[in-house]
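Asks: Sequence first, then the predicted structure, then my questions.
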Amino acid sequence: MAWEYAPAPESAALANLKPAYRPFVDGEFVDGGGEPLKTLNPATEEPLAEVGTASHEDVDRAVTAARRAYEQVWGPMPGAERAKYLFRIARVVAERARELAVLETLDNGKPIRESRDVDVPTASAHLFHHAGWADKLGYAGLGPDPKPVGVVGAVIPWNFPLLMAVWKIAPALACGNTIVLKPAETTPLTALVLAEIAADAGLPPGVLNVLPGAGDVGAAVVGHDGLDKVAFTGSTDVGKEIQRRLAGTGRRLTLELGGKAANIVYDDAPLDQAVDGVVDGIFFNQGHVCCAGSRLLLQESIEQEFMELLRARIETLRVGDPLDKNTDVGAINSRPQLDRIVDLAAAGDAEGAHRWTSSCPLPERGLFFPPTVFSGVEQTMRVAREEIFGPVLSVLMFRTPDEAIVKANNTPYGLSAGIWTEKGSKALWTAQRVRAGVVWTNTFNRFDPTAPFGGYRESGFGREGGQVGLEAYLNA
Ligand code: NDP
């Protein structure tokens, strides 16, 4: 390496961290009836703040408040008026972007470069996009005057805490629904600051409620009789449990679950570009991404050249302090998640795959896992089938395009895929055959509020974003 970068840490003080945070119910921060939890900084494993959690009575209170706000205020309000609140919230999220980015990085462990350049700007863009829809719902393709669904219960995971909150809140509110949101146990902070922003924007009480807590609070939210719709993002197992619970209730449901995406690289691909796309596809956000390109499908004729380029590129990734602006791969969000990654990687060794690990030094403390590549992977191996949700890439080979399609589709999931080729016709041919909700060509991990996102099969159903995403929150 020609030179070493000097550390360039963002100041943790920008997060305006408070010693304690509380649930947000009916327009106020309240003492939750649940046992308070301590949220940790995964880069140090030190506590960041104490967070009050919701009891089942708090869930009841929040749903009742959301029902009242829906019937009396938010549902009847003209879309143009609702839009003003959403535009205000979107503007303040943009204004407080630096604070939110640092807070997200502290609570989640993701590199500041990603929270600053992806999570927070995309969240703000999503709010602006849906604010624009609020008075134009007659053009959503659901008839001239579509109606809101009612009260929404939403449960979100820890990998994109602010962004996932906004993916649920923005369309729900734009369409005239009210919402009760449960953030993940390990990452509640930015959703609570978002609630503060909403309160400052004058959002009427009860329209948005945020209930921190563990999985039992999530279960109490999604199972509540007072809801009209549930929106869940998280693991396939919990998604299935929720689907069973809601079956026959008449309540609407969208599920955004796991993935095991194929990133297909043909031998005519622009190799340097493809290498960067593969690296971004799996190491972005430590691989804690439901649409991560966790299976590289590589055409056999370029195996040696591509793998050399790939390893050389991965060697340049910096793993370390998430607040350092030079860091590419940050901390793993929690100890249980790190254990899961370690176990699945060990299964790769045990089943005979060949493990290669970047030589980048890891910090002495905190939750870290080095960028790892398994080659010689067979389709039956656990590292090829299970969602590792960490910085671990599994490499499989193919000879012909038909074989690439068969292998890409040999998964219970169907969320995303990537295709790398210089031939447009080949890209289209492949995209038509890969069974995934989102297919990127010569790029990866592109998110835009105008583009619907979602999967099918065990990756769930329903779409978030774009005009299609509104359907989940409207009745024709
Ligand atoms: P979960 O599905 O358990 O968590 C997602 C959210 O659901 C969290 O807010 C969680 O609360 C909540 N929750 C947990 N149990 C229930 C329940 N019974 N009813 C309602 N809500 C519930 O995922 P994990 O965080 O445990 O991660 C496990 C694995 O899932 C990962 O390794 C990864 O493979 C996959 N995953 C996929 C995601 C995706 O975006 N597709 C996101 C997250 C995980 P709490 O935080 O308290 O557990």
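Replies: Yes, it's here. A quick note: this is a predicted structure, and the numbers were derived from the prediction, not measured.
Asks: For the stretch 51-200 of the chain, which segments count as strands?
Replies: Here the stretch 51-200 of the chain has its strands, by DSSP state E, counting those that start in this stretch, at 147-148, 151-155, 178-182.
Asks: Distance from the last one to the middle of the chain?
Replies: Relative to the mean C-alpha coordinate of its chain, strand 178-182 is positioned 17 Å out (CA atoms, centre = their mean, to the nearest Å).
Asks: What lies in contact with it?
Replies: Under the criterion CB atoms under 8 Å, 6 or more residues apart in numbering, residues 54, 59, 62-63, 66-67, 69-70, 74-75, 150-156, 165, 168-169, 172-173, 191, 206-213, 217-218, 221, 224, 227 lie in contact with strand 178-182. Where C-beta positions appear, they are placed from N, C-alpha and C, glycine not excepted.
Asks: give me that answer again for 7 Å
Replies: Contacting residues not belonging to strand 178-182 are listed as 62-63, 66, 69-70, 74, 151-156, 165, 168-169, 172-173, 191, 206-211, 213, 217-218, 221 [CB atoms under 7 Å, 6 or more residues apart in numbering].
Asks: average pLDDT for it?
Replies: Here strand 178-182 scores 98 as its mean pLDDT.
Asks: The strands of the stretch 51-200 of the chain into TSV, with extra columns for distance to the ligand and mean neighbour count?
Replies: Putting the strands of the stretch 51-200 of the chain into TSV (distance: least, CB to the nearest ligand atom, whole Å; neighbours: other CB atoms under 10 Å) gives the following:
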stretch	distance to the ligand	mean neighbour count
strand 147-148	23	19
strand 151-155	4	28
strand 178-182	6	29
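Asks: Could you name the stretch from those that's closest to Ser459?
Replies: strand 151-155 (16.6 Å; CB to CB).
Asks: measure the closest residue to Ala404 other than its chain neighbours to the ligand for me?
Replies: Excluding its sequence neighbours, the residue lying closest to Ala404 (CB to CB, 6 or more residues apart in numbering) is Phe398, at 4.3 Å. In this view, Phe398 and the ligand are 25 Å apart by CB to the nearest ligand atom, to the nearest Å.
Asks: Over to Ala69?
Replies: 23 Å.
Asks: wait, isn't that residue in contact with Gly206?
Replies: Yes - using CB atoms under 7 Å, Ala69 and Gly206 qualify as a contacting pair, with a distance of 3.1 Å.
Asks: if we can go back for a sec, mind putting the strands of the stretch 51-200 of the chain in JSON lines, distance to Ala131 included?
Replies: What follows is these, written out as JSON lines (distance: least, CB to CB, whole Å):
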{"stretch": "strand 147-148", "distance to Ala131": "16"}
{"stretch": "strand 151-155", "distance to Ala131": "17"}
{"stretch": "strand 178-182", "distance to Ala131": "15"}
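Asks: Low-confidence ranges, this structure, go.
Replies: The model of the chain has pLDDT under 70 over residues 1-3.
Asks: Okay, domains of it per the record?
Replies: 13-257+456-475, 262-441 (automatic domain parsing).
Asks: At the contact with the ligand, which residues of this protein appear?
Replies: Contact residues, the chain versus the ligand (CB under 6 Å from any ligand atom): 155-159, 182, 184-185, 214-215, 218-219, 222, 233-235, 238, 241-242, 257-258, 290, 337, 340, 387, 389.
Asks: Present the domains of the chain as a markdown table; the columns should include distance to Pro7.
Replies: Converted to a markdown table, those look like this (distance: least, CB to CB, whole Å):
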| stretch | distance to Pro7 |
| --- | --- |
| domain 13-257+456-475 | 12 |
| domain 262-441 | 5 |
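Asks: To Phe447, which of those lies closest?
Replies: domain 13-257+456-475 (5.5 Å).
Asks: First-to-last residue distance for that closest one?
Replies: Domain 13-257+456-475 has its terminal residues 45 Å apart, counting by CA to CA, to the nearest Å.
Asks: could you pull out the strands for the stretch 251-400 of the chain?
Replies: For the stretch 251-400 of the chain, the strands defined by DSSP E, counting those that start in this stretch occupy 252-256, 262-265, 295-299, 354-357, 372-375, 392-398.
Asks: Give me the sheet partners of the last one and which way each runs.
Replies: Paired neighbours of strand 392-398 in the sheet (DSSP bridges): strand 295-299 (parallel), strand 372-375 (parallel).
Asks: Would you point to the one among these that's packed deepest?
Replies: strand 295-299 (a mean of 25; mean count of other CB atoms under 10 Å).
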